[in-house]
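Asker: here is a sequence together with a model predicted from it:
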Amino acid sequence: MFENFLNRRRKEEEAREDGRLPPGQSLTQKFPVLHYGAVPIYNDLSQWTFRIFGLVEQERVWTWEEFCALPRTEVVYDIHCVTGWSKFDTRWSGVHLKTLIDSGLIKLRPEARYAIQHCEFGYTTNTPLEVVLASNFLLATHYDGAPLTPEHGYPLRGVMGAIPGQRQESDRYLWKGGKWLRAIEFTAEDRPGFWEQAGYSNTANIWREERYWRGLR
Ligand SMILES: Nc1nc2c(c(=O)[nH]1)N[C@H]1C(S)=C(S)[C@@H](COP(=O)(O)O)O[C@H]1N2
Ligand SMILES: [Mo]
């Protein structure tokens, strides 16, 4: 027991020295569940759709089957929750938004500058466009080789992680990935989402420890 604790402490110190653990975070081996409100339960996905709308040349609506046929990617992320836990080397698979744009499946209008993720029960989260187009954002259907569990976002969630050993300007806390994701809207103006309106930082950069909203600038 105590040895485990010392081990974890040592790993945490190493990670901090490597520059892999952002300021104020500690490591966990568990996978905590964190969200506001209820977990939606899907008995079947026949009515489920995923929609791309707003400042796009053409709106898109994909059924579950169609979504599963999109070009897929597997990624490994370190994830960082604003409440202080970090988990290293989490393995996800799903679809990169950038791939859909590069392959012409989504055509953005030039005025598009922000992306709003829309989830079940009205949860939203917002980022600048370049953040969801970066390699550290994934539309994930699987975690660690298996479909997402209901509490982690089944059937589809946004995952906002950091690529181990890399620091990107686009690295954000995990709340910038919406669970039970149903749509992404592209906008010209920014629109603070659920946690952003509840007092969390609009920008949420993990390396600058942007946790809370510091008032109007
Ligand atoms: N729909 C929805 N997505 C959400 C949240 C939420 O409240 N609702 N919370 C966010 C927060 S704060 C975190 S840390 C992660 C947690 O993901 P996990 O429960 O899979 O660890 O989900 C994010 N996505
Ligand atoms: Mo979080």
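Answerer: The structure has been received and is ready for your questions. Ligands and ions are numbered 1, 2, ... in the order given.
Asker: burial measure for T124, as a count.
Answerer: Applying other C-beta atoms under 10 Å, we find 18 residues neighbouring T124. Using the backbone N, CA and C atoms, a C-beta is placed for each residue, glycine as well.
Asker: interface residues of the chain facing ligand 1?
Answerer: Within reach of ligand 1 by C-beta under 6 Å from any ligand atom, the chain has these residues: 32-36, 81, 119, 123, 152, 174-175, 177-180.
Asker: nearest spatial neighbour of R51, chain-adjacent residues omitted?
Answerer: A183 (4.1 Å; C-beta to C-beta, 6 or more residues apart in numbering).
Asker: which residue does this structure bring closest to ligand 2?
Answerer: Here the chain gets closest to ligand 2 at one residue, C81, 3.7 Å apart by C-beta to the ion.
Asker: before we move on, the earlier item: buried subset of the residues of the chain next to ligand 1?
Answerer: Burial by neighbour count, judged by 16 or more other C-beta atoms under 10 Å, picks out H35, C81, C119, Y123, H152, L174, W175, G177, G178, K179, W180 from those.
Asker: which residues touch the helix or strand bottoming out on mean pLDDT in the chain?
Answerer: When each helix and strand of the chain is scored by mean pLDDT, DSSP states H and E, helix 2-17 comes last, with a mean of 77. Helix 2-17 has contacts (C-beta atoms under 8 Å, 6 or more residues apart in numbering) with L21, S26, L27, Q29, F88.
Asker: equivalent analysis for stretch 60-72, please.
Answerer: 45-46, 48-53, 93-95, 99-100, 103, 105-106, 141, 155-156.
Asker: right, and G199 touches W213 too?
Answerer: Yes. Applying C-beta atoms under 8 Å as the test, G199 and W213 come out as touching, 5.4 Å apart.
Asker: okay, those two: which has more neighbours?
Answerer: Taking neighbours as other C-beta under 10 Å, G199 and W213 compare with W213 leading, 17 against 9.
Asker: show me what contacts that one?
Answerer: Residues in contact with W213, defined by C-beta under 8 Å, 6+ apart, are E196, G199, Y200, S201, N202.
Asker: now S170, what's its secondary structure?
Answerer: coil (DSSP: H, G, I helix; E, B strand; the rest coil).
Asker: so it touches A115, yeah?
Answerer: No. If you go by C-beta under 8 Å, S170 and A115 don't touch, sitting 11.8 Å apart.
Asker: neighbour count for the two, which is higher?
Answerer: A115 (26 against 19).
Asker: what sits opposite the more buried one in the beta ladder?
Answerer: T127, F186 (DSSP bridges).
Asker: how many neighbours does the nearest residue to D144 once chain neighbours are set aside have?
Answerer: Leaving aside its sequence neighbours, D144 sits nearest to R91 (C-beta to C-beta, 6+ apart; 5.3 Å). Number of residues near R91 (other C-beta under 10 Å) recorded here: 12.
Asker: got the angle between the helix or strand containing R91 and helix 2-17?
Answerer: In this assignment (DSSP states H and E), R91 forms part of strand 85-95. Per axes from the mean of the first three to the mean of the last three C-alpha atoms, to 10 degrees, the angle that strand 85-95 makes with helix 2-17 is 70 degrees.
Asker: alpha carbons only: can I get stretch 187-200 in PDB?
Answerer: Below are the C-alpha coordinates for stretch 187-200, written out as PDB (Å, rounded to 0.1, in the frame of the first residue of the first chain):
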ATOM      1  CA  THR A 187     -19.600  30.200 -35.800                       C
ATOM      2  CA  ALA A 188     -18.000  33.600 -36.500                       C
ATOM      3  CA  GLU A 189     -18.400  34.700 -32.900                       C
ATOM      4  CA  ASP A 190     -17.400  32.900 -29.700                       C
ATOM      5  CA  ARG A 191     -20.100  31.500 -27.500                       C
ATOM      6  CA  PRO A 192     -19.100  30.400 -24.000                       C
ATOM      7  CA  GLY A 193     -20.500  26.900 -23.100                       C
ATOM      8  CA  PHE A 194     -21.700  25.200 -19.900                       C
ATOM      9  CA  TRP A 195     -18.600  25.200 -17.700                       C
ATOM     10  CA  GLU A 196     -17.400  28.400 -19.300                       C
ATOM     11  CA  GLN A 197     -20.500  30.200 -18.100                       C
ATOM     12  CA  ALA A 198     -20.200  28.500 -14.700                       C
ATOM     13  CA  GLY A 199     -17.000  30.300 -14.000                       C
ATOM     14  CA  TYR A 200     -14.300  28.200 -15.700                       C
END
